[in-house]
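Sequence and predicted structure below; questions after.
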Amino acid sequence: MKNDLSPCRSVCETCTKCPLHETRTNVVFGVGNPDAEILFVGEAPGENEDLSGEPFVGRGGQLLDLYLNGVGLDRKENIYIANILKCRPPKNRDPKPEEIEACLPYLREQFRIMRPKIIVCVGRIAAMTLISPDFRVTKEHGIFFDRKGTLFMGTFHPAALLRNPKYKGDCFEDFLRLQDKIRELGIKI
Ligand code: SF4
């Protein structure tokens, strides 16, 4: 492994920069292969993630894994998964702007160390934070945006798909587009 995220993880695990540290069970720093060239970014830990310390677990996580595995990706092997916020907002409310501002430096440090070629924003909040503040998932999902040489793509959050299964097909098409892009860029997975 050439990319070492552990110093950043250590700082993050004792972070008290925003009030979410008071109610968290675990800091959810990320999971996967730090040498991967594909980074998935979600919004924030939910209850299961807070309890386990891992992003995207529970039913939503199983759905995400299904899509990942369908295009040859695996959260432990060839991608990395992180969140905008590393601690759970109470009752899964949307992150507050000041919480995002406080926490984003950790994600930026993850970017800096990993230098991923593709970043997949999972859900509205991640896409609005990283691609464009007026990003509309239903209209702009699956489109690649070049930001200083890194490609960003937004797709549906699995929790939203569990509430709204009609978008499941659209979401899998996004993963197929991702697979095409991985091949086009010659990324080894
Ligand atoms: S959410 Fe981020 S900034 Fe807030 S306490 Fe957790 S790690 Fe620190």
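Yep, that arrived. Numbers count the residues shown, from 1 in each chain.

Which positions in this protein make contact with the ligand?
By C-beta under 6 Å from any ligand atom, the part of the chain that sits against the ligand consists of 12, 15-18, 20-21, 27, 85-87, 99, 102-103. (Glycine included, C-beta is placed from N, CA and C.)

Closest one of the residues you listed to Arg124?
Closest approach to Arg124 among the residues of the chain next to the ligand (C-beta to C-beta): Leu85, at 14.0 Å.

what's the closest residue in space to Glu49 that isn't next to it in sequence in contact with, if anything?
Beyond its immediate neighbours in the sequence, the residue positioned closest to Glu49 (C-beta to C-beta, 6 or more residues apart in numbering) is Val28, lying 5.0 Å away. Listed by C-beta atoms under 8 Å, 6 or more residues apart in numbering, the contact partners of Val28 are Pro45, Glu49, Asp50, Gly53, Glu54, Pro55, Asn83, Lys86, Cys87, Arg88.

Can you list which of these are found in helices?
Helix and strand membership here follows DSSP state H; of the contacts of Val28, those in helices are Glu49, Asp50.

Need the three-state assignment for the residue nearest in space to the middle of the chain.
In the chain, the centroid-proximal residue (C-alpha atoms, centre = their mean) is Val41; its distance is 1.5 Å. Secondary structure, DSSP: H, G, I helix; E, B strand; the rest coil: Val41 is strand.

just checking, it touches Lys86?
No - contact status for Val41 versus Lys86: not in contact, 11.6 Å apart, counting by C-beta atoms under 8 Å.

How much space separates Ile113 from Met1?
In this structure, Ile113 and Met1 are 11 Å apart, going by C-beta to C-beta, to the nearest Å.

Now for the two: what residues contact both?
Common neighbours of Ile113 and Met1 are listed as Pro34 (criterion: C-beta under 8 Å, 6+ apart).

So between those two, which is more surrounded?
Counted by other C-beta atoms under 10 Å, Ile113 and Met1 do not tie: Ile113 has more neighbours, with 15 against 8.
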